[in-house]
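**Q** can you look at this prediction? I've put the sequence above it.
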Amino acid sequence: MTRFFERGTALAEMERQMMMVPNVTPRGNGSAVLCRYRTAAADVDCQSCVRRRRQSCRSLKCLHLTERLRAGTASVAELAAETVQPWKHLRLKQRAMLIAGQMKAFHFEGQLHVTRMFEMTKGEGEDIGSQWLAAVYLLSARAPLWQNTLAAVTPGRIDFDRVRLRDSTVQDYVLYRAAKGICSHTLGATSEELADPELVSDDTLRLILCAAVTARYGPEAMQIGRDRKC
């Protein structure tokens, strides 16, 4: 049943006007304007946070990390700690948190690592997949591993079935398994293996931790502290 009783009669227009809200201009046909606003550092300063001003912020973690990351004010240690928080293996979690607390910037294994990685990701634009990017970050960390896996890497995809690891070290093999796991939304290596410093070095676990941060927060995380050394 229509809500207009006079529909189709000479009184239809009068009835429509009588049902309008008084003193309100009717919405016309127009174009939607998409907001291009980008968060600035001042917008996400803790001193400006309403929860902080009200002294009601009791959280052990910042609830606005994503916004702070976009504004360039989040630290890699915060992102790493937030990424590690859900991990259930206690020894691995403790070890990863210790390494996360020491990180001052996003970690790269030297300038050659940066060069290898960004040569592969160049031209991918903003649609780049976070899991793929994290896996490429791990595979390109060390030259021998990159040489064994480069042929399997294409934009947006890694064909792990084509990879044949030759003369790989234990650490490179762990990175390879972690890269493969991240593409499947896992850590690749077992928690017991990653928690063992005799099997997985601090440098290797730091790379895996940065890859996990990248998989969760995207390419913006890689820009943290690029002008400083880790």
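**A** Yes, it's here. Numbering: from 1, shown residues only.

**Q** name the element the residue nearest to Pro144 when sequence neighbours are not counted belongs to?
**A** Spatial nearest neighbour of Pro144, chain neighbours left out: Asp172 (6.2 Å); criterion: CB to CB, 6 or more residues apart in numbering. Where you see a C-beta, it was placed from the backbone N, CA and C, and this is true even at glycine. Element membership of Asp172 [criterion: DSSP states H and E] is helix 170-182.

**Q** same thing with Leu145?
**A** Counting by DSSP H and E, Leu145 is found in helix 143-149.

**Q** list the helices and strands the longest helix seen in the chain packs on?
**A** If you go by DSSP state H, the chain has its longest helix at helix 202-217. For helix 202-217, the helices and strands in contact under the criterion 3 or more CB pairs under 8 Å, 6 or more residues apart in numbering; DSSP states H and E are helix 65-71, helix 76-84, helix 90-101, helix 130-139, helix 170-182.

**Q** again, 7 Å this time
**A** When contacts are defined as 3 or more CB pairs under 7 Å, 6 or more residues apart in numbering; DSSP states H and E, helix 202-217 sits against helix 76-84, helix 90-101, helix 130-139, helix 170-182.

**Q** ok, Asp202 to Arg16 distance?
**A** As for Asp202, its distance to Arg16 is 73 Å (criterion: CB to CB, to the nearest Å).

**Q** show me the contacts for the residue nearest to Pro144.
**A** By CB atoms under 7 Å, 6 or more residues apart in numbering, the contact set of Asp172 is Arg142, Pro144, Leu145.

**Q** nothing else from me, thank you.
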